[in-house]
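>>> below is the sequence, then the predicted model.
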Amino acid sequence: MVTSRDVARLAGVSQPTVSRALTDHPRVSDSTKRKVREAALALGYSTNAIGRALSVGRSNRIGLVVADLENQFYANMIGPLHHELERLGHELVLITESAGTAPLPERVAAHGLAGVVLSTTTVDSIQPARLRDRGVPFVYLNRTAPSVAADAVTVDPEQGVREVVDAAVALGHTRIGAIFGPRNTSTGELREQVVRSVLDEHGLALAQRDVLHGPFDFATGREGFRTLHERAGGPTLLMCGNDVVALGALDAAAEAGVPVPEHTSVVGFDDLPTSRWALVRLSTVAYDLDEVARESARLVVARLTDPGAAARHVVYPTHYVARSTVGAPRA
């Protein structure tokens, strides 16, 4: 069996440095981490006793991969996912993706994870293939990657978007704009496709000047609203890729003194708890986010129980929740 001493010898470092480097210790330099990781990969080394326990099926730890802990969407998934895993006899471990961290399969081994819930997957991500090749069970949560088939839980935006557009058209909106999410995410792609398709059914189209793309974050909404507002006042109704983007747009509107919905109506997607606050009352496309998170826990535990079962894709419906941020178009 390959040991940490073998890795240390190949990398030219001490044995304790190997342990620190493979657990992404902040006091180890990036260059040293890289040398140790390359040596570990070359030797096929699986770290620590927890990792060895995983190899014989004794770990009950499930990792949730998130990109941005400040993003309310991820923060609101953690609680229900944790509680469902705990109910099923498993423990949640949070893994954040950021520049300079070890490759995901190495971190999975270092933390002794039995499985992983991926919530940050892009359509071109190599992480699903790496996990598959290492034999690590995983589930897609919210986003998927077409290159690797796996269990997944997602939402279908069509019904909710259709209800938004129907309501907007009934109010008289014709200049509808959007701040969509990233083009390299399945959620960003699908939501944009559905919005364009439903608008087309009403004989409407998104003008190029009224469409932007960006990360699913607050800054995207803030900067996007400012940019669109400078273009002949912007659209009369703005559809946002998610609630966090919509909250950013509302913040920019308030800062600029632009009344919502009197000048611009704003619609989100996700129905986060903040969107229901009396101070906010964001109109949005809603679904059961808590249940989506809990379902991902059930799927990954089921995969551990029956590794050979066919992949399952559970899809949750959406609906429109009309609150205070949508009204008739400005004159």
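Perfect, I can see it now.
>>> so who does Pro157 touch?
Leu190, Arg191, Val194, Phe269, Val285, Thr318 (C-beta atoms under 8 Å, 6 or more residues apart in numbering). Glycine gets a C-beta too; all of them are placed from N, C-alpha and C.
>>> same check, this time on Leu304
Applying C-beta under 8 Å, 6+ apart, the residues near Leu304 are Ala114, Gly115, Pro137.
>>> got it, and Val169?
So Val169 contacts His202, Leu204 (C-beta under 8 Å, 6+ apart).
>>> confirm that it lies within a helix, as I assumed.
Yes: when DSSP: H, G, I helix; E, B strand; the rest coil is applied, Val169 is found to be in a helix.
>>> tell me how far it lies from Phe73.
Separation of Val169 from Phe73 (C-beta to C-beta, to the nearest Å): 28 Å.
>>> low pLDDT regions in this protein?
Where the chain drops to pLDDT under 70, the residues are 1, 24, 46-58, 98-101.
>>> for it, just list every one of the strands.
61-66, 91-96, 113-118, 138-141, 151-155, 176-180, 211-213, 237-240, 265-270, 283-286, 313-316, 319-321 (DSSP state E).
>>> deepest-packed of those strands, please.
Among these, judged by mean count of other C-beta atoms under 10 Å, the one packed with the most neighbours on average is strand 237-240 (a mean of 30).
>>> now it, how far from the centre of its chain.
20 Å (C-alpha atoms, centre = their mean, to the nearest Å).
>>> how about stretch 262-279?
Worked out by C-alpha atoms, centre = their mean, stretch 262-279 lies 19 Å from the chain centre.
>>> next one: stretch 7-22
Distance of stretch 7-22 from the chain centroid (C-alpha atoms, centre = their mean) equals 34 Å.
>>> what comes into contact with that stretch?
4-5, 27-28, 32-33, 35-40, 42-43, 45, 47-48, 102, 106, 109-110.
>>> buried residues, it. List them.
For stretch 7-22, a neighbour-count test (16 or more other C-beta atoms under 10 Å) marks Val7, Ala8, Leu10, Ala11, Val13, Thr17, Val18, Ser19, Arg20, Ala21, Leu22 as buried.
>>> among these, which ones are in helices?
Among the buried residues of stretch 7-22, the members found in helices (DSSP state H) are Val7, Ala8, Leu10, Ala11, Thr17, Val18, Ser19, Arg20, Ala21, Leu22.
>>> just to revisit the earlier point, in TSV: the strands of the chain, plus distance to Ala246.
Listed next are those as TSV, based on distance: least, C-beta to C-beta, whole Å:
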stretch	distance to Ala246
strand 61-66	20
strand 91-96	24
strand 113-118	25
strand 138-141	21
strand 151-155	16
strand 176-180	8
strand 211-213	13
strand 237-240	4
strand 265-270	3
strand 283-286	7
strand 313-316	20
strand 319-321	12
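>>> and His202, which of the ones you listed is closest to it?
strand 176-180 (9.5 Å; C-beta to C-beta).
>>> using CSV, list the CA coordinates for the closest one.
Only the C-alpha atoms of strand 176-180 are listed here, as CSV (Å, rounded to 0.1, in the frame of the first residue of the first chain):
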residue,chain,number,x,y,z
ILE,A,176,-39.7,42.7,-21.6
GLY,A,177,-36.0,42.4,-20.7
ALA,A,178,-33.9,39.9,-18.8
ILE,A,179,-30.8,39.4,-16.7
PHE,A,180,-30.1,35.7,-17.3
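>>> sheet partners, orientation included, of it?
strand 211-213 (parallel), strand 237-240 (parallel) (DSSP bridges).
>>> may I have the beta-bridge partners of Leu238?
Going by DSSP bridges, Leu238 forms beta bridges with Gly177, Val266.
>>> is it true that it touches His229?
No: using C-beta atoms under 8 Å, Leu238 makes no contact with His229, being 9.5 Å away.
>>> can you give me the helices in the stretch 101-250 of the chain?
Counting by DSSP state H, counting those that start in this stretch, the stretch 101-250 of the chain has these helices, from start to end: 104-111, 127-133, 158-171, 186-201, 218-229, 243-256.
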